[in-house]
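> kindly generate the corresponding structure for this input.
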Amino acid sequence: SMDEAILVLEQVTLLGEAGAPVLREATAQLSPGAKLCLAGPAGAGRSCLLRACAGLTVPTAGRILLAGVPFESLAFQHPLIRRGGLGWVPTSGGLLVNQTLRANAALPLRFTRKHSKASAEEEADRWLAALGLSDRAHLRPHALDPTDRWMGALARAAALGPDLWLVDRPPGALDPTEAQRAARVLQEASGAVLTAFEGPDPGGSRWILAAGRLSVEESHAT
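Prediction:
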């Protein structure tokens, strides 16, 4: 039922930066634990849609609900976000510039789950290692390349263990090892995943965003 979905779009109309519609009256839902790739041509507005699902962009019409609760005006007041239930991974990484990669990955655990600094950093280190970033954990974002910032944001989400991951595509092509590592973290996530990152073997069902329409393509995997 709609009540049980982790993410619901109800008749959502969304305008992109240039004012062109990214979505027209789209209705869709994501079940808890589902893994979905958000596919579509360049310029279709996938980032815009992901931002709206994270509460960072307000739809022109319709509404978006996380865990049955619609967004009010400010995303950070949403109960799912306040309890650390959303893992947001923008293309830019969105890391705090004055904090190391380790501190960035640990911060959400400290502030939403009230972990101690040591416990949060231990969890952060585990995921930085899984993503091949251990040797850069002490660096601040300006010393990292754009791919590392995106991977760092993925580690930050993984450390949090959110109910819903919203993952925009990486800033450039990942090398095969990076792509495998990122895909494995998303595949093994316990929460639901909606990602514009098409891993090495995307598989699974897809949402396809094109020309203002969202269509669902079911998986044909055996």
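
> so where is the protein shaky, pLDDT-wise?
Scanning the chain for pLDDT under 70 picks out 1-3, 73-76, 202, 220-222.

> from the chain's centre, how far out does stretch 118-135 sit?
Per Cα atoms, centre = their mean, to the nearest Å, the displacement of stretch 118-135 from the mean C-alpha position of its chain is 19 Å.

> list the contacts of the spatially closest residue to residue 163 that is not a sequence neighbour.
With Cβ to Cβ, 6 or more residues apart in numbering as the criterion, residue 163 has its nearest non-adjacent residue at 4.2 Å, and that residue is residue 85. (Glycine included, C-beta is placed from N, CA and C.) Applying Cβ atoms under 8 Å, 6 or more residues apart in numbering, we find residue 85 in contact with 66-67, 162-164, 191.

> now residue 85, what are its backbone angles?
phi -90, psi 0 (degrees, to the nearest 10).

> and residue 9, what helix or strand is that in?
Assigned by DSSP states H and E, residue 9 belongs to strand 7-15.

> ok, that strand: who's next to it in the sheet?
Strand 7-15 has its sheet partners listed here by DSSP bridges as strand 21-30 (antiparallel), strand 61-66 (antiparallel).

> let me have those strands in JSON lines, adding mean neighbour count and distance to residue 44 as columns.
Output for the strands paired with strand 7-15, formatted as JSON lines (neighbours: other Cβ atoms under 10 Å; distance: least, Cβ to Cβ, whole Å):
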{"stretch": "strand 21-30", "mean neighbour count": "19", "distance to residue 44": "7"}
{"stretch": "strand 61-66", "mean neighbour count": "18", "distance to residue 44": "18"}
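
> all strands for the chain, in order.
Ranges of strands in the chain, per DSSP state E, are 7-15, 21-30, 35-39, 61-66, 69-70, 86-89, 164-167, 192-195, 206-210, 213-217.

> redo these as a markdown table? Include distance to residue 119.
As requested, the strands of the chain are arranged in a markdown table below (distance: least, Cβ to Cβ, whole Å):
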| stretch | distance to residue 119 |
| --- | --- |
| strand 7-15 | 29 |
| strand 21-30 | 30 |
| strand 35-39 | 28 |
| strand 61-66 | 26 |
| strand 69-70 | 29 |
| strand 86-89 | 18 |
| strand 164-167 | 22 |
| strand 192-195 | 25 |
| strand 206-210 | 36 |
| strand 213-217 | 39 |
